[in-house]
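S.K.: pasting a predicted model and its sequence here:
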Amino acid sequence: MGSEATNGERVRDAERTRAEIIEIATHEFADQGYAGARVDEIAAKTRTTKRMIYYYFGGKEGLYLAVLEEAYRHIRALEQKLDVDHLEPVEALRKLAELTFDHHEQHQDFVRLVAIENIHYAQHLLKSEVRDGLAAPALDVLRSIMTRGVAAGLFRDDLDALDVHMIISAFCIFRGANRYTFRAIFDRDLLDPGLRTHLRQMIGDLVVAHVTHGRT
């Protein structure tokens, strides 16, 4: 009994340590980029060692990939938990767009990680063994909403769920990824709290207009 308890505690300690490393590494990679982040610095900011980081993740690239996978898992988990089955399709689609809007606004590290991985042509993400699982949940929720919308005669019947996902993602990523250049050129801060309600409404309007365009 004591041995089982000890083993269980060791597993929990390992899970906590791994989660802490990923949390700190997320900030480091988002702030410094893949090339600029240092495993020594990440270890110094955690309660572990560089040796343990290599033990858990195999090296810098393995840690970076784990960070990317966890960042995508988080948004996918939120999408799957979204309770929209009781909502009519238009409102359900708005809720999904608003969830993405809120998540990307609150998790700027995610936005930066996506931008950084695109600089590297997604060469790390392409190596992920769980890549399929990082995509399916987002499209599953969308397809369910869109199927109901088409059946109710509210949505067009030629829709592609990936197109709708792209519209939502592009708008929400743009706010964070282009915040500083947009402000420098147009003197508008896309993360200004005063603009939040307006922009949140806008993304809902955009996706609803796309799925209902052409309906009579």
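M.R.: Nice, I can see it. Just so you know, these numbers come straight off a predicted model, no measurement behind them.

S.K.: residues in contact with stretch 51-68?
M.R.: With contacts defined as CB atoms under 8 Å, 6 or more residues apart in numbering, stretch 51-68 is touched by 14, 17-18, 21-22, 25-26, 29, 34, 37, 39, 42-43, 46, 113, 117, 124-125, 127-128. Any C-beta I mention is one placed from the backbone N, CA and C, and that applies to glycine too.

S.K.: make it 6 Å
M.R.: Contacts with stretch 51-68, where a contact means CB atoms under 6 Å, 6 or more residues apart in numbering, come from 18, 21-22, 25-26, 29, 34, 39, 43, 124-125.

S.K.: wait, which of those is closest to residue 162?
M.R.: Nearest to residue 162 among the contacts of stretch 51-68, counting by CB to CB, is residue 125 at 16.9 Å.

S.K.: now that closest one: how far from residue 131?
M.R.: Shown here: residue 125 relative to residue 131, a distance of 7 Å by CB to CB, to the nearest Å.

S.K.: in which helix or strand does residue 83 reside?
M.R.: Per DSSP states H and E: residue 83 is located in neither a helix nor a strand.

S.K.: brain fart, residue 85
M.R.: Using DSSP H and E, residue 85 sits within no helix or strand.

S.K.: so which bits of the host helix or strand of residue 203 are buried?
M.R.: Using DSSP H and E, residue 203 sits in helix 196-212. Neighbour counts over helix 196-212 (16 or more other CB atoms under 10 Å) mark 199-200, 203-204, 207-208, 210-211 as buried.

S.K.: before we move on, what about stretch 160-173?
M.R.: 161, 164-165, 167-169, 171-173.

S.K.: can you list the weak-confidence ranges in this protein?
M.R.: Along the chain, segments meeting pLDDT under 70 span 1-8, 10-11, 214-216.

S.K.: remind me, longest helix of it?
M.R.: Longest helix in the chain by number of residues (criterion: DSSP state H): helix 2-36.

S.K.: tell me the helix or strand right after it.
M.R.: Following helix 2-36 in sequence order, the next helix or strand is helix 39-44 (DSSP H and E).

S.K.: in whatever helix or strand comes next after that next one, what counts as buried?
M.R.: Using DSSP H and E, the helix or strand that follows helix 39-44 in sequence is helix 50-57. By 16+ other CB under 10 Å, the buried positions in helix 50-57 come out as 52-53, 56-57.

S.K.: ditto for stretch 55-68
M.R.: By 16+ other CB under 10 Å, the buried positions in stretch 55-68 come out as 56-57, 60, 63-68.

S.K.: which of those sits closest to residue 101?
M.R.: Closest approach to residue 101 among those (CB to CB): residue 68, at 21.3 Å.

S.K.: list the contacts of stretch 181-198.
M.R.: Applying CB under 6 Å, 6+ apart, the external contacts of stretch 181-198 come out as 175, 179.

S.K.: mind exporting the C-alpha coordinates of it to PDB?
M.R.: Written as PDB, here are the backbone C-alpha positions of stretch 181-198 (Å, rounded to 0.1, in the frame of the first residue of the first chain):
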ATOM      1  CA  THR A 181       2.700  47.400 -36.700                       C
ATOM      2  CA  PHE A 182      -1.000  48.300 -37.000                       C
ATOM      3  CA  ARG A 183      -0.700  50.800 -34.200                       C
ATOM      4  CA  ALA A 184       2.500  52.300 -35.600                       C
ATOM      5  CA  ILE A 185       0.900  52.800 -39.100                       C
ATOM      6  CA  PHE A 186      -2.700  53.500 -38.200                       C
ATOM      7  CA  ASP A 187      -2.400  54.700 -34.600                       C
ATOM      8  CA  ARG A 188      -5.000  52.200 -33.500                       C
ATOM      9  CA  ASP A 189      -4.300  49.600 -30.800                       C
ATOM     10  CA  LEU A 190      -6.300  46.500 -31.700                       C
ATOM     11  CA  LEU A 191      -6.100  45.300 -28.100                       C
ATOM     12  CA  ASP A 192      -7.400  48.600 -26.700                       C
ATOM     13  CA  PRO A 193     -10.200  47.700 -24.200                       C
ATOM     14  CA  GLY A 194     -12.300  50.500 -25.700                       C
ATOM     15  CA  LEU A 195     -12.400  48.600 -29.000                       C
ATOM     16  CA  ARG A 196     -13.100  45.200 -27.600                       C
ATOM     17  CA  THR A 197     -16.900  45.100 -27.800                       C
ATOM     18  CA  HIS A 198     -16.800  46.500 -31.300                       C
END
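
S.K.: all good on my end, thank you.
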